[in-house]
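**Student:** Quick one, what's the 3D model for this:
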Amino acid sequence: LSMPLTEDLKWGCPCYTQGPANIVLIHAFKDYCALLFFKGALFKDPETLLIQQTENVQSARQLRFTSTAQITRLTPVIRDYIQEAITVENSGQKVKMALNRDLTHPQELIDQFDDDPDLKAAYDALTPGRQRAWNLHFTSAKLPATRRARIEKAIPKITAGKGPDDL
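**Tutor:** Below is the predicted model of the structure:
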């Protein structure tokens, strides 16, 4: 709270912003809590403390904690990382994101697009992030039957312009 940021509530979590930009978010998990830095991939990370949540996360990085003693011990480092997050945001740097044209769509989705051009048009109209999220959802299924079932179930949300996590 002593940093020059505005405290807000986003995604049900305390989020600290500077103007319209999200800088850092506090996440609570079963086994740990974390500070999520939205542009953490751009940090120098001299302490090598930042964690990429999954291989699909491109920009954000977490600083994880399992005890209050750890937070207390790392307070100066936490302040340095928050200051770096502010500096990165103020510099205008952007994380170079993987392009959606690099996505490999499962054959089941391509077949569905061939059968339903309106679905293809609706998918193409989605934001790149929503397209990527759907693609990850479909391709994470091991069996073709599961991929087909996921695609069928997703059609109403895709045609409504929504991603897999949208209500």
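**Student:** Can you pull out the low-pLDDT segments for this structure?
**Tutor:** In the predicted model, the chain carries pLDDT under 70 at residues 98-102.
**Student:** how close does the most centrally placed residue in the chain get to residue 159?
**Tutor:** With distances taken as CA atoms, centre = their mean, residue 57 lies nearest the centre of the chain, 5.5 Å away. Note on residue 57: its distance to residue 159, by CB to CB, to the nearest Å, is 27 Å. (C-beta placed from N, C-alpha, C; glycine too.)
**Student:** which one in this protein is furthest away from the centre?
**Tutor:** Relative to the mean C-alpha coordinate of the chain, counting by CA atoms, centre = their mean, the farthest residue is residue 115 (31.2 Å).
**Student:** contacting residues around it?
**Tutor:** The contact partners of residue 115, by CB atoms under 8 Å, 6 or more residues apart in numbering, come to none.
**Student:** Tell me how far it lies from residue 109.
**Tutor:** Using CB to CB, we find residue 115 at a distance of 11 Å from residue 109.
**Student:** list the residues that contact both of the two?
**Tutor:** If you check residue 115 and residue 109 against CB under 8 Å, 6+ apart, no residue is contacted by both.
**Student:** So what touches the one helix or strand residue 148 maps to?
**Tutor:** Secondary structure assigned from DSSP states H and E places residue 148 in helix 144-159. Counting by CB under 8 Å, 6+ apart, the neighbours of helix 144-159 from elsewhere in the structure are 106-109, 112, 116, 118-119, 122-123, 126, 134, 137-139, 141, 163-164, 166.
**Student:** Tell me the buried residues within those.
**Tutor:** For the contacts of helix 144-159, burial is judged from neighbour counts taken by 16 or more other CB atoms under 10 Å, and it is met by 106, 108-109, 112, 119, 122-123, 126, 134, 137-139, 141, 163-164.
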